[in-house]
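Peer 1: Give me a 3D structure for the following:
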Amino acid sequence: MAIVRIFPEKDTSIFTEGVYMNTGKDEMLELGCYKAPFGSNSDVIRSLLKFSSNDIDTILQGKTSYSASLNLYVADASEIPVEFTIEAANIFEAWDSGVGHFADKPTDTTGASWFYRSKDKQNQWKLEDLPLGVTGSAILRLTDLDFDSNGQGGNWYTRSLTSQSFQLNSNLDISLNVTDIVKQQIDEITNNGILLKLGDQQEQDQNLNMRLWYFSSDTNTIFTPHLNLMWDDSNYQPGDLPTISTGNVTITLSNNKGSFFENEEVTFRVFG
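Peer 2: Residues are numbered from 1 along each chain as shown. You can find the predicted model right below:
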């Protein structure tokens with residue numbers, strides 16, 4: 001099995017808590033649904049990531065059978081329910097990453113936010129007159145009345161939507177099968193990245209107060225989000241080797257140094 005890991009070109013989180021706020025250089029990506037300080041609606045957080053189309057096309061060129069997984073590592077979590085779902089889908093419109101942080105004062109507007117997808121409060125996320133197979137959801141805090149909108153929060157293709165379910169005491173790391181997302185990017189649409197959100201049931205539950213923090217591409221740790229592209233490159237040719245007829249076998253790996261450089265290609269040899 002060949003596995004190639006690539007890292008995001010850009011990522012950010014968008015918040016109803018700050019509909020203009022950009023967090024494109026935060027060390028964390030967030031997902032959440034929690035009680036707003038004022039008003040009756042809950043606050044919602046979603047995240048956006050984009051991986052290079054050139055990298056994906058180059059790696060998968062000529063391959064008809066492959067799989068892909070999106071992986072993020074949890075840094076912290078608050079008030080996690082017994083069950084919840086995280087969803088991922090291809091983003092419909094292009095967006096700017098920006099250089100903001102959650103705690104910036106004044107609020108940074110250099111990139112995507114809940115309300116806008118471009119820097120300096122330009123280009124609202126489109127929610128009306130979307131083409132077939134594209135959707136969005138209008139979530140807006142009742143206290144945010146300084147603009148005429150039903151709320152934004154991104155838009156995405158429905159056919160590529162995939163999800164991962166979590167149970168009580170689950171490992172909260174994200175490992176999503178995004179093979180259909182990658183295939184749609186290659187075959188059908190412009191790659192504008194991947195949107196991550198909680199399931200609709202969680203986002204609409206005003207009694208929830210949950211937040212999840214994941215390491216972003218700007219982390220100073222080794223836990224960077226990544227996309228694994230995988231395919232079977234094995235070449236098995238039966239020869240004169242005898243079939244193992246006993247269960248008393250130990251399998252070992254050679255050439256395993258334990259740590260590797262980011263762009264290094266490694267071959268592991270398996271011995272019985």
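Peer 1: in the protein, which segments are predicted with low confidence?
Peer 2: For the chain, applying pLDDT under 70 flags the ranges 37-41, 138-151.
Peer 1: again, only using 50
Peer 2: Within the chain, the ranges that satisfy pLDDT under 50 run 142-150.
Peer 1: Tell me which residue lies farthest from the centre of this structure.
Peer 2: Asp240 (46.8 Å; Cα atoms, centre = their mean).
Peer 1: Phi and psi next, for that one.
Peer 2: The phi/psi pair for Asp240 (degrees, to the nearest 10) reads phi -90, psi 10.
Peer 1: The closest residue to Phe15 other than its chain neighbours pairs with what?
Peer 2: Nearest residue to Phe15, sequence neighbours excluded (Cβ to Cβ, 6 or more residues apart in numbering): Ile45, at 5.2 Å. All C-beta atoms are positioned from the backbone trio N, CA, C, and that covers glycine. Going by DSSP bridges, Ile45 is paired in beta bridges with Phe15, Gly32.
Peer 1: my guess is Ile45 contacts Val19, does it?
Peer 2: No: under the criterion of Cβ atoms under 8 Å, Ile45 makes no contact with Val19, lying 11.9 Å away.
Peer 1: Neighbour count for those two, which is higher?
Peer 2: Ile45 (27 against 22; other Cβ atoms under 10 Å).
Peer 1: Ser97 and Ala75, how far apart?
Peer 2: Separation of Ser97 from Ala75 (Cβ to Cβ, to the nearest Å): 20 Å.
Peer 1: ok, back up a step: identify the residues contacting the residue farthest from the centre of the chain.
Peer 2: Shown in contact with Asp240 (Cβ atoms under 8 Å, 6 or more residues apart in numbering): no residues.
Peer 1: With Leu130 instead?
Peer 2: Here Leu130 is in contact with Phe92, Gly136, Asn155 (criterion: Cβ under 8 Å, 6+ apart).
Peer 1: try it again with 10 Å
Peer 2: Phe92, Glu93, Gly136, Asn155, Trp156, Tyr157 (Cβ atoms under 10 Å, 6 or more residues apart in numbering).
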